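**Student:** Quick one, structure for this:
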Amino acid sequence: MAPNYKDFVDQNVRLVILKALALESHASLNDALIEYQLQLFGYNRTREYLRNQLRWLENEAGAIRIEEHGSAWIATLTRTGRYHVERKCFLEGVQRPGDVD
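**Tutor:** As a prediction, the model looks like this:
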């Protein structure tokens, strides 16, 4: 069954986040920079929405690790997250790379 629109957007946002982290030399970005990356893809969402997606990627998929530094969140890609971006394994709830980017 195809995902509904909200699920499609959430899954695409999660992939955009993972790909943005994978492009960084230390595989880490703060939430403000991730928010900027999402805006480049036309996703103008609240910081709360972004942080919910980051928590989902950490808790449900194990694709990132989050550290809080003051008011900033730092997301770091895990091996599981990198494997998804590299198409070595696929995470349920995250769009597959190459499907629709």
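**Student:** what sits up against stretch 30-50?
**Tutor:** Identification of contacts with stretch 30-50 by Cβ atoms under 8 Å, 6 or more residues apart in numbering yields 9, 12-13, 16-17, 20-21, 29, 51, 54, 72-75. In short, each C-beta sits where N, CA and C put it, glycine included.
**Student:** Okay, G98 and Y49: tell me how far apart.
**Tutor:** Using Cβ to Cβ, to the nearest Å, G98 is found at 25 Å from Y49.
**Student:** More neighbours: which of these two?
**Tutor:** Y49 (16 against 8; other Cβ atoms under 10 Å).
**Student:** Now the residue positioned nearest the centre of the chain: which helix or strand?
**Tutor:** The residue lying closest to the centre of the chain (Cα atoms, centre = their mean) is I17, at 2.9 Å. Secondary structure from DSSP states H and E places I17 in helix 5-22.
**Student:** For that helix, name the packing helices and strands.
**Tutor:** Using 3 or more Cβ pairs under 8 Å, 6 or more residues apart in numbering; DSSP states H and E as the contact definition, the elements that helix 5-22 packs against are strand 28-30, helix 31-40, helix 47-59, strand 64-69, strand 72-77, helix 79-85.
**Student:** Nearest approach to P3 belongs to which of those?
**Tutor:** With Cβ to Cβ as the measure, helix 47-59 is the member of the helices and strands packed on helix 5-22 nearest P3 (14.4 Å).
**Student:** May I see the buried residues of that closest one?
**Tutor:** Residues of helix 47-59 classed as buried: Y49, L50, R51, Q53, L54, W56, L57, E58 (neighbour count, 16 or more other Cβ atoms under 10 Å).
**Student:** Stretch 8-27 now?
**Tutor:** Buried residues in stretch 8-27 (16+ other Cβ under 10 Å): 10-21, 27.
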